[in-house]
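Trainee: quick one, what's the 3D model for this:
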Amino acid sequence: MRSFWLTAVAFLLAEAVMAQEPWQPVEEWKTYAISGTSGVELYASIGERGPKIGQEVRTIALTNFKLTWTRKYVPQPDGSCTLTTARPRLIITYTLPKPSSPLAPDLKRMWDAFITGVRRHEAVHGVMIKDMVKEIERVSIGLSAPNDPKCTKVRAALQAKLGEISRAQRQKSSDFDRVEMSDGGNVHQLILALVNGR
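Mentor: Next comes the predicted model:
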């Protein structure tokens, strides 16, 4: 009996440690090929080959993510159900342009400044995605619903929260792009510097 009790305690401790263990996202940086011997040509090539948003619109760079969850719903003695574990697996993929041939020194200098700024912009989107996942994790663990022996109510409650958090993240990302790409915004300035040869 004592051996069983020790084993049970060890298992519970291990489960608690796993629940508290911080997760880390996987971040991948990919490129698509462009060509040109001037800033104008490079930017035109981006317009022809850049990743698409939806069916029509091409963009300079794109940040996508894949998010899956390991969740554990536990029916409670009082008939309620509690979400005790919510562990994310997050893969963020950044797609950026890359010249297919070596650039002349002056053009390379301009390109390096441009792509450094674009990477910085996309990294902010990555931070927003990670913050969204952390918020989902925060509202998930411990979420409970009364009179829910089959854990259907708590699942529905979670889905409602996920929708709100996801919409807020998309709005924040859209607002950030709008500011960055408006006249005088950081990305707008990067484009002008590249095509005007500054």
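Trainee: going by C-alpha atoms from here, please, whenever you check contacts or count neighbours.
Mentor: Fine.
Trainee: longest strand of the chain?
Mentor: strand 81-99 (DSSP state E).
Trainee: tell me which other helices or strands the helix or strand that that strand is followed by touches.
Mentor: Toward the C-terminus, strand 81-99 is succeeded by helix 105-140 as the next helix or strand (DSSP states H and E). With contacts defined as 3 or more CA pairs under 8 Å, 6 or more residues apart in numbering; DSSP states H and E, helix 105-140 has these neighbours: helix 39-49, strand 62-75, strand 81-99, helix 152-181, helix 186-195.
Trainee: now for the longest strand of the chain, which elements pack on it?
Mentor: Using 3+ CA pairs under 8 Å, 6+ apart, strand 81-99 sits against strand 26-34, strand 62-75, helix 105-140, strand 144-145, helix 152-181.
Trainee: the same query, at a cut-off of 10 Å, please.
Mentor: Other elements packing on strand 81-99 under the criterion 3 or more CA pairs under 10 Å, 6 or more residues apart in numbering; DSSP states H and E are helix 2-20, strand 26-34, helix 39-49, strand 62-75, helix 105-140, strand 144-145, helix 152-181.
Trainee: list the neighbouring strands of it plus their orientation.
Mentor: strand 26-34 (parallel), strand 62-75 (antiparallel), strand 144-145 (antiparallel) (DSSP bridges).
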